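[1] Sharing a model prediction with you, sequence too.
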2 protein chains.
Amino acid sequence: MEQGTILLSHGSGGRMSHDLIREVFFRHFDNPVLSRGTDAALLEGWEGPLAFTTDAYVVSPLFFPGGDIGRLAVSGTVNDLAVAGARPLALSASFILEEGLSLEELERVVRSMAATAREAGVRIVTGDTKVVDHGSCDRIFITTSGIGRLEERHRSISLGSEVRPGDKVVVSGWLGDHGVAVLAARENLSVAGAVVSDVSPLNRMIADVLDQGVRVRFMRDPTRGGVATLLNELARMTSLGILLEEEALPVREEVKNICEVFGYDPLYLANEGKVVMVVPAAEAGRALSVLQEHPAGAAAAIIGTITDDHPGRVVMQTAIGGRRIVEMLAGEQLPRIC
Amino acid sequence: MEQGTILLSHGSGGRMSHDLIREVFFRHFDNPVLSRGTDAALLEGWEGPLAFTTDAYVVSPLFFPGGDIGRLAVSGTVNDLAVAGARPLALSASFILEEGLSLEELERVVRSMAATAREAGVRIVTGDTKVVDHGSCDRIFITTSGIGRLEERHRSISLGSEVRPGDKVVVSGWLGDHGVAVLAARENLSVAGAVVSDVSPLNRMIADVLDQGVRVRFMRDPTRGGVATLLNELARMTSLGILLEEEALPVREEVKNICEVFGYDPLYLANEGKVVMVVPAAEAGRALSVLQEHPAGAAAAIIGTITDDHPGRVVMQTAIGGRRIVEMLAGEQLPRIC
């Protein structure tokens, strides 16, 4: 199936659709729920609350240092469930393909999705494929949705309702790697050669933190809009302030350099394999040490504190001793970053 | 919010994304689960098996007689759950928007989705919006996913494992209306003016059939590829034959005429508000009468019989007395029909 190109008839719903589905999707995503070929996947035995999420992926280019749109589409949705405190149980995958796309390229993406799903321990149980005429989309767009099982005691993690002044803000590692890696791939920047995307499923690392009993009071992944936008959302949701320590932010030298050249701020750059957690001050050290046991969390750091001051605002204590307000991302930094 | 156009920064994840989400999506899809603004929706109290489905919608044009991409995106996913025997409980909606799209047009689509969701009694609880540069997609693509609660006794409906020789094949009404309506909109056909798409959520009608105790042994909606493709899938799944009666097929005169002009066969045309059911012969009359109580089922008809003959094959008893094999759709009839 690696030869040939995508034709409009691959989206017809007829024989060519069937063959594509069986020879590419079923083969790589191989699991009994998907292979039944029903329009809706049948999932067994559920109880208690569920988390349900969706994301469209339109990243350009499709392949970039450290990842590709397939790895992104699985990791992003797995992570949206994991940061809600849920255990990812099943994903759907919906493809919009451009007529003329090479099957080899499609299969490369699908293989990457399958490998990432195995890494995360989650199955892709249902899907859809549409083909649009040449020029009506940019090669491959993927939408994944996911369902996760949510334990009652973790229900408030995505709501932020338990966040209290004095709590610590923890980030699981280097900021901005994904943004810089995509930028580098797009602009052919050799200077950024060492930076690869952090795109990765984080559910095992996050489950480890929760299982070790760390009381995570809020968690979200700093994707589009970066850490700055995420923390502004949290400050608004809680009507509390957040004080960041510039010196504590984990940013690679290469990323700093690129940001200086392009006028970007690492706080606004997208990450695809990072999590921001808010935990009680007394548990921040333990959260750090659990995170640091995982490769994706090796550079985890405490970057700030929740405060009663400046409610609804994120303020940065700068390296040179001043303070400045950190706003939500206002315009667009890098389009089609995810 | 009805003025202006979509800019790349509406997809940034920053302030403009927030404003768009709040002023367009939250406003129209208004419900407490969505409005929490978490990345994953939190759904309460589940038990037992679930159905999970996804579909991408890329129909062109966005607006056609009888419907639009928004009504299609909600109906299609609701119907995929309903034909699996499940009660739709929650939908996700993921948008890929082209830079330069008018906000008025987006809002028209979103309003239509909201109205269709209300009609179906289902909530859109989570979503995502990406914006791609002008020329990288065709105005609006939507992917919806859905979760439904599946009663244990309906588990086999999508699998077809209970289908037996002698069972009757029932279709809920006129075939090919959606295909012809989209074709007419695309080609500016005045001759087809009277035909409007059947796009509609069918979950209430289907629930009525199930609740009245009709033992539905298989159910699916004949969308892309039409009734011919669906029945070929069923014949393969069950290794049984299907004998269709050409004279029993409900096809409008206008649709027949268009098909003659364009060389189409109504059996292969897409429907977006029809269901094919297989029921025991003794219950076919009752299934019909329940369907016919609903506007969407007014023209319901028994169109064929499951048989031991020609296993894996669909055969048509023609109006002039002959028999011919009905194959699965081989190429493409109408691209971007849904």
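    Ah, there it is.

[2] All the helices of chain A, residue numbers only.
    Here chain A has its helices, by DSSP state H, at A:15-20, A:27-28, A:32-35, A:69-82, A:103-120, A:177-187, A:203-211, A:226-238, A:253-262, A:284-292.

[3] for the fourth one, packing partners?
    When contacts are defined as 3 or more CB pairs under 8 Å, 6 or more residues apart in numbering or on different chains; DSSP states H and E, helix A:69-82 packs onto strand A:41-57, strand A:86-98, helix A:103-120, strand A:140-150, helix A:203-211. Heads up, the C-betas are built off the backbone N, CA and C, glycines and all.

[4] next one: the longest one
    The elements that helix A:103-120 packs onto, with contact taken as 3+ CB pairs under 8 Å, 6+ apart, are helix A:27-28, strand A:67-68, helix A:69-82, strand A:86-98, strand A:123-132, strand A:140-150.

[5] how distant is the last one from the center of its chain?
    Averaging C-alpha positions (CA atoms, centre = their mean, to the nearest Å) puts strand A:140-150 11 Å from its chain's average.

[6] Give me the angle between that strand and strand A:123-132.
    150 degrees (axes from the mean of the first three to the mean of the last three CA atoms, to 10 degrees).

[7] Run the contact check for strand A:140-150 versus chain B.
    Yes: on the criterion CB under 8 Å from any CB of the partner chain, strand A:140-150 is in touch with chain B at A:Phe141, A:Thr143, A:Ser145, A:Gly146, A:Ile147, A:Gly148, A:Leu150.

[8] Can you report how many residues neighbour the residue lying closest to the first one once chain neighbours are set aside?
    Closest residue in space to A:Phe141, ignoring its immediate chain neighbours: A:Ile96 at 4.3 Å, by CB to CB, 6 or more residues apart in numbering or on different chains. The number of residues packed around A:Ile96, counting by other CB atoms under 10 Å in any protein chain shown, is 28.

[9] Show the contacting residues for A:Ile96.
    A:130-132, A:137, A:140-143, B:56, B:58, B:96, B:141, B:143 (CB atoms under 8 Å, 6 or more residues apart in numbering or on different chains).

[10] Adding distance to B:Glu162 and pLDDT, write those residues out as TSV.
    Formatted as TSV, the contacts of A:Ile96 follow (distance: CB to CB, whole Å; pLDDT from 0 to 100):
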residue	distance to B:Glu162	pLDDT
A:Lys130	31	95
A:Val131	34	95
A:Val132	38	96
A:Cys137	40	96
A:Ile140	38	98
A:Phe141	38	98
A:Ile142	35	98
A:Thr143	33	98
B:Ala56	31	97
B:Val58	34	97
B:Ile96	39	97
B:Phe141	37	98
B:Thr143	32	98
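
[11] A:Ala319: neighbour count?
    For A:Ala319, using other CB under 10 Å, the count is 11.

[12] and if you look at A:Ser289?
    Neighbours around A:Ser289, by other CB under 10 Å: 14.

[13] Spatially nearest residue to the residue nearest to the spatial centre of chain A (excluding sequence neighbours)?
    What sits nearest the mean C-alpha location of chain A, by CA atoms, centre = their mean, is A:Gly76, with 3.3 Å. Nearest non-adjacent residue to A:Gly76, counting by CB to CB, 6+ apart: A:Asp55, 5.1 Å away.

[14] Contact residues of the stretch 151-300 of chain A facing chain B?
    For the stretch 151-300 of chain A, the residues found near chain B under the criterion CB under 8 Å from any CB are A:155, A:158-159, A:220-221, A:223-225, A:229, A:233, A:237, A:268, A:270.

[15] So among these, which ones count as buried?
    Of the members of those, the ones counted as buried by neighbours, 16 or more other CB atoms under 10 Å in any protein chain shown, are A:155, A:158-159, A:220-221, A:223-225, A:229, A:233, A:237, A:268, A:270.

[16] on that earlier part again, among the residues of the stretch 151-300 of chain A next to chain B, which are in strands?
    A:Arg220 (DSSP state E).

[17] In chain A, where is pLDDT below threshold?
    Within chain A, the segments meeting pLDDT under 70 span A:1-2, A:45-46, A:191-193.

[18] still on that earlier bit, quick one: contacts for the residue nearest to the centre of chain A?
    By CB under 8 Å, 6+ apart, the residues touching A:Gly76 are A:Asp55, A:Tyr57, A:Thr144, A:Val199, A:Thr223, A:Glu272, A:Cys338.
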